[in-house]
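Undergrad: Here is a sequence together with a model predicted from it:
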Amino acid sequence: MAKGNYPPNFGGGMGNMQQLMQRAQKMQQDAMRKEEEMEARSFEAAAGGGMVKAVFQGTKTLTALEVQPDCIDPDDPEMLQDLIIAAVNAALTLAHETKTAEMDKITGGMKLGL
């Protein structure tokens with residue numbers, strides 16, 4: 001390349017690279033903080049019109065399961081099983097979707113493996 005005939009400036013050189021690295025580091029710190037927040041939160045969902053409720057910690061640990069006595073039918077244990085499964089899955093889905101939405105706010109939707 002001839003002297004003075006430089007390629008186009010794609011971002012302003014090392015100064016911009018340093019800013020980019022600082023922004024990435026801040027994003028990572030924010031994501032870690034949000035991860036801790038999410039792990040401390042509880043997520044509750046119900047099934048059967050509130051007959052069964054499941055509560056999960058953000059760590060995906062089941063912390064409570066409430067079953068209303070009215071929905072316990074000894075002749076139909078499958079119904080209770082289905083309600084429990086539905087409540088547990090709904091609470092886990094809520095936790096996952098909330099975490100994803102919160103992380104997307106930080107990362108601008110980039111999937112960074114966080």
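TA: In hand now; what should we look at?
Undergrad: now for the helix or strand hosting residue 106, which elements pack on it?
TA: Remark: residue 106 resides in helix 77-107, with elements defined by DSSP states H and E. Using 3 or more C-beta pairs under 8 Å, 6 or more residues apart in numbering; DSSP states H and E as the contact test, the elements touching helix 77-107 are helix 14-40, strand 42-47, strand 52-57, strand 61-67. C-betas here are computed from N, CA, C, even on glycine.
Undergrad: buried sites along it?
TA: 80, 83-84, 86-88, 90-92, 95, 99, 102-103, 106-107 (16 or more other C-beta atoms under 10 Å).
Undergrad: Pick the most buried one from the helices and strands packed on helix 77-107.
TA: The highest mean neighbour count among the helices and strands packed on helix 77-107, using mean count of other C-beta atoms under 10 Å, belongs to strand 52-57: a mean of 21.
Undergrad: That one: how far from the chain's middle?
TA: 16 Å (C-alpha atoms, centre = their mean, to the nearest Å).
Undergrad: What mean pLDDT does it get?
TA: On average, the pLDDT along strand 52-57 is 96.
Undergrad: how close does residue 55 get to residue 100?
TA: Spatial separation of residue 55 from residue 100 under the definition C-beta to C-beta, to the nearest Å is 20 Å.
Undergrad: er, residue 32 actually
TA: Taken as C-beta to C-beta, the span from residue 32 to residue 100 is 16 Å.
Undergrad: Please look at residue 58 and residue 91 and confirm they touch.
TA: No: taking C-beta atoms under 8 Å as the definition, residue 58 is not a contact partner of residue 91, at 10.9 Å.
Undergrad: any common contacting residues for these two?
TA: Residues touching both residue 58 and residue 91 (C-beta atoms under 8 Å, 6 or more residues apart in numbering): residue 43.
Undergrad: Pull the contacting residues for the residue most central in space within the chain.
TA: By C-alpha atoms, centre = their mean, the mean C-alpha position of the chain lies nearest to residue 99, the distance being 1.7 Å. For residue 99, the contact set (C-beta under 8 Å, 6+ apart) comprises 35, 38, 58.
Undergrad: Cool, thanks, talk later.
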